[in-house]
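A.B. asks: Kindly generate the corresponding structure for this input.
(2 chains)
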Amino acid sequence: DGGITQSPKYLFRKEGQNVTLSCEQNLNHDAMYWYRQDPGQGLRLIYYSQIVNDFQKGDIAEGYSVSREKKESFPLTVTSAQKNPTAFYLCASSLDRGNTEAFFGQGTRLTVV
Amino acid sequence: GQQVMQIPQYQHVQEGEDFTTYCNSSTTLSNIQWYKQRPGGHPVFLIQLVKSGEVKKQKRLTFQFGEAKKNSSLHITATQTTDVGTYFCTFMGGGADGLTFGKGTHLIIQP
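C.D. replies: Numbers count the residues shown, from 1 in each chain, chains lettered A, B, ... in the order given. Predicted coordinates:
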């Protein structure tokens, strides 16, 4: 089945630890995105990538890092510098940048204690 | 950066009533997309509008893009409990030039 997969669904980490969220797609999409969603809120863009080995900061990139070494994969690292990391993280991909529909993964709910 | 305002933020309706959410921008948009997110779920694409004045229908849902391409609306006729969720408009652009989402309209339906 084609799609976009995020893992794990739930993640718990201690404060001060870095954590990496996985996002894999087999849709052959060029563009990939990471969003953060807080309870009752909208989606805020963390990072996006239009092509392999290239990525751009979104509106709230501080405390996060990404890589795009393969077309299929766009992992997000939540670093200890992120002051409020507990949130729902959504990864998405689209064929190109903004002119086609975006497909979302199931999301990862990160809780930092 | 470029932003869109969605109104209302919350809407309570009785089942069977109509519902409308609006998406407004201060600048012209090249296109606009609408997504629906069920409680606990992830956003799912509904439609994309590109042309000025465009109107598209999907069963009970009607989508409009304004003549000036600065606003859009989603209208649901005779809401059902399956319509519960948050409806987002999105557009390409914004300060970071990524896919920018509005804050969404939360639709709550009372049986």
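
A.B. asks: what residue ranges in chain B are flagged as low confidence?
C.D. replies: Scanning chain B for pLDDT under 70 picks out B:1-2, B:93-98.

A.B. asks: Show me the longest strand that occurs in it.
C.D. replies: strand B:85-93 (DSSP state E).

A.B. asks: outside of it, which residues touch it?
C.D. replies: For strand B:85-93, the external contacting residues (Cβ atoms under 8 Å, 6 or more residues apart in numbering or on different chains) are A:42-43, A:97-99, A:102, B:1-2, B:4, B:6, B:21, B:23, B:25, B:29-39, B:41, B:43, B:46, B:72, B:74, B:98-102, B:104-107. C-beta coordinates here come from the backbone N, C-alpha and C atoms, glycine included.

A.B. asks: Count the residues that sit near the spatially closest residue to A:Ser80 that is not a sequence neighbour.
C.D. replies: The shortest distance from A:Ser80 to any non-neighbouring residue, by Cβ to Cβ, 6 or more residues apart in numbering or on different chains, is to A:Gly16 (4.9 Å). Counted with other Cβ atoms under 10 Å in any protein chain shown, the neighbours of A:Gly16 add up to 8.

A.B. asks: Now the phi/psi pair for A:Gly16, please.
C.D. replies: phi 100, psi -10 (degrees, to the nearest 10).

A.B. asks: My guess is A:Pro8 contacts A:Gly107. True?
C.D. replies: No. Contact between A:Pro8 and A:Gly107 fails when scored by Cβ atoms under 8 Å: they sit 10.5 Å apart.

A.B. asks: which one of the two has more residues nearby?
C.D. replies: A count of neighbours by other Cβ under 10 Å puts A:Gly107 above the other of A:Pro8 and A:Gly107, at 22 against 11.

A.B. asks: now could you export just the CA positions of stretch A:24-40 as PDB?
C.D. replies: Provided in PDB are the C-alpha atoms of stretch A:24-40 (Å, rounded to 0.1, in the frame of the first residue of the first chain):
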ATOM      1  CA  GLU A  24       8.700   7.600   5.600                       C
ATOM      2  CA  GLN A  25       6.700   7.800   2.400                       C
ATOM      3  CA  ASN A  26       6.500   5.500  -0.700                       C
ATOM      4  CA  LEU A  27       4.400   7.900  -2.800                       C
ATOM      5  CA  ASN A  28       7.400   9.200  -4.700                       C
ATOM      6  CA  HIS A  29       6.700  12.700  -3.500                       C
ATOM      7  CA  ASP A  30       9.300  15.400  -3.700                       C
ATOM      8  CA  ALA A  31       7.900  17.700  -1.000                       C
ATOM      9  CA  MET A  32       7.700  16.700   2.700                       C
ATOM     10  CA  TYR A  33       6.600  18.700   5.700                       C
ATOM     11  CA  TRP A  34       6.700  18.600   9.500                       C
ATOM     12  CA  TYR A  35       4.000  20.300  11.600                       C
ATOM     13  CA  ARG A  36       3.300  20.700  15.200                       C
ATOM     14  CA  GLN A  37      -0.200  20.700  16.600                       C
ATOM     15  CA  ASP A  38      -1.100  21.700  20.200                       C
ATOM     16  CA  PRO A  39      -4.500  20.800  21.800                       C
ATOM     17  CA  GLY A  40      -7.300  22.600  20.100                       C
END
